[in-house]
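Peer 1: Sequence and predicted model, in that order:
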Amino acid sequence: MQRNNSFPDAYCPITGLALRQFDEWKDVSMGPTFSCGYKILGQKTLVLQGRGYADLDAEMASIGFGYNIVSQYMDSPPEYLIIQDWTDYKNASGKARNYYIKSLVNDTALVGIIFCNATPNQDMSVILGNKLGILNKEVRICQSYREAALMAARFEQLGQIPRVKFSFFTRLRTQNKHLRKNIFNGPIQDLLEYLNSIDWTSRKPSPSGYDIDSDHPLLPIFDALTLIKSQLDKTTNERNTYMGQLLDHQERLEMELENRTQKIREGEQSFSRILEYSPVGIVLMDKDLCVTFINRQTQDCFGYSLDDLKGEGLLAQIVERIEKTENIILIDKLKSLLPPPAEPGSYGPIDIKIPAKDESSHHTEVTFTAIEEGYLISIVDVTKRKLAEEKLYSQSVTDAMTGLYNRRHYQECIENEFLRSKRYDHPLTLIIFDVDLFKLINDQYGHPAGDSVLCSLAELTRSCFRSTDLIFRIGGEEFAVLLPETEEDLGWMAAERFRCAVEENRTVYEDKLISHTISLGIGTTNNNIENVGDFIKQTDIALYRAKHRGRNCSETAVYQ
């Protein structure tokens, strides 16, 4: 068919849209009992006006003719709308209706259909198609062509088909009985009432139900609806069953969650009690080394409360109260020891002397464990153990009678001091002395008197030498003094001063005054001394020379 460009375009008096229609479109014959008129409204709407009875062949011809108009005369729109005007269109055959519906469903460019001036049976077909999900297009039912044209105008402007204000069922329920009796026959009314009786959400009919005769003309439709509803009921029952199982499972999960939450709470309470009542001091610090928690043991041991340690933190409290040199050493040690909290692991224990709030001092072993939030610090108070160790150590290096260092400690100290003297080229003086004629004192006054003389001599030695000098009892009545950083002449002066003090001293024993003298050998390190053995030997030789000279004198060592 050729387009006749000489036919003038007109305008729709309802919408004002351009209306295109050719003379040969007004009454196109599709069969002996059916013809159809076509016109284009605007740019996107095809209007169909059917006349007569449509069988399958006529419907196929009509649809093919409509597609030809869309493709050739509507400028190939990406989407279009159909207005189906059924003013003179009698009820089509079932095959024709099925073909028409399938064509509409499969046409992807078709946005929707607007039916107007339809018969009740035609409206019923559209309603069933929507209800059963057969139609997947936008479908509107209008009472007049004017209403349909206005909808098409809105579609041309907005690209959407307006909603119908009232549904077909709503209109149907508002009609009076007389109008319904004149328009619809009994079977249609039965079907509509049956459809209205069903709650399509739960798909359950009203309790009274319907008794359909076997000769009812719409019995197949009722049977189809019953079959569909029974299948939907089955689906609903399955859904309800699964929903119940889901709710039961959800309830079990909630109970399990509650049980696990309760166990977590109990675990947290147990953990808190363990921390709180642990016999070891526990401190939690953040990444800035500020205290966030201390347990009862820490408070009882050191007297600090959590408020006392907030702000500057525990370490600041510690280093604030100890000597400056120890303070610097401790901070350097901690900086080298503590990793960032991001690196997990335990570091320590390290020995730290922690001052308590009452100014007393506690020896502790502190272990730092890096955690995500900062540090967990465990503090073990080892003051009693340290005191016991110091006592045992003191006993192991001290002469029990005089309180001076013993011979074993003398061997350790002289080796260390000799090596230090050689390494740093600093002088070291050794004085070895013993009591002159000590056997005569024991024989004349008794051994207890001799012990008293030795104790008195030890006290006098401590008072005559410096606090940095080391004093030893290395034999029965033989003693040694190590003088670090001391030249030979200063060592000689110190020895002579001490000898004179001993000569003038008297030991009181049982109302007796016991006098005694000492002989001294003095040795000082120099480049001629290669090892500590020679150093001691030459000093001993100097002591022997002093005795041979007549005692109560000092001699210095001579190195070849």
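Peer 2: Great, that's in hand.

Peer 1: In the stretch 301-450 of the chain, what residue spans correspond to strands?
Peer 2: Along the stretch 301-450 of the chain, the stretches classed as strands by DSSP state E, counting those that start in this stretch are 345-355, 361-370, 374-381, 428-435.

Peer 1: closest to residue 143 out of these?
Peer 2: Across the strands of the stretch 301-450 of the chain, residue 143 has its closest neighbour in strand 374-381 (78.6 Å, CB to CB). Any C-beta I mention is one placed from the backbone N, CA and C, and that applies to glycine too.

Peer 1: The closest one pairs with which strands, and in what direction?
Peer 2: Sheet pairing for strand 374-381, assigned by DSSP bridges, gives strand 281-286 (antiparallel), strand 361-370 (antiparallel).

Peer 1: helices and strands around the helix or strand just after the first one, which ones?
Peer 2: Beyond strand 281-286 on the C-terminal side, the first helix or strand identified by DSSP states H and E is strand 291-294. Contact analysis of strand 291-294 by 3 or more CB pairs under 8 Å, 6 or more residues apart in numbering; DSSP states H and E lists strand 281-286, helix 306-309 as its packing neighbours.

Peer 1: And the pLDDT at residue 309?
Peer 2: Residue 309 carries a pLDDT value of 68.

Peer 1: now do residue 177
Peer 2: Looking at residue 177, its pLDDT is 44.

Peer 1: Repeat that for the one 10 residues further on.
Peer 2: Looking at residue 187, its pLDDT reads 65.

Peer 1: Name the nearest residue to residue 474, sequence neighbours excluded.
Peer 2: residue 407 (4.6 Å; CB to CB, 6 or more residues apart in numbering).

Peer 1: how much space between that neighbour and residue 448?
Peer 2: 23 Å (CB to CB, to the nearest Å).

Peer 1: Neighbour count for these two, which is higher?
Peer 2: It is residue 407, of residue 407 and residue 448, that has more neighbours when counted by other CB atoms under 10 Å, with 14 against 11.

Peer 1: Could you double-check that that one sits in contact with residue 478?
Peer 2: No: Residue 407 is beyond contact range of residue 478, at 9.2 Å (criterion: CB atoms under 8 Å).

Peer 1: sorry, back to before: can you add mean pLDDT and give the strands paired with strand 374-381 back as JSON lines?
Peer 2: Formatted as JSON lines, the strands paired with strand 374-381 follow (pLDDT from 0 to 100):
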{"stretch": "strand 281-286", "mean pLDDT": "80"}
{"stretch": "strand 361-370", "mean pLDDT": "79"}
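
Peer 1: is it possible to export the ones you listed to CSV including mean neighbour count?
Peer 2: What follows is the strands paired with strand 374-381, written out as CSV (neighbours: other CB atoms under 10 Å):
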stretch, mean neighbour count
strand 281-286, 20
strand 361-370, 18
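
Peer 1: closest one to residue 36 among the ones you listed?
Peer 2: Using CB to CB, the strands paired with strand 374-381 put strand 281-286 closest to residue 36, at 85.8 Å.

Peer 1: Which parts of the helix or strand harbouring residue 62 count as buried, going by neighbours?
Peer 2: Assessed by DSSP H and E, residue 62 sits inside helix 56-73. Buried residues in helix 56-73, defined by neighbour count with 16 or more other CB atoms under 10 Å: 56, 58, 59, 60, 61, 62, 63, 65, 66, 69, 70, 73.
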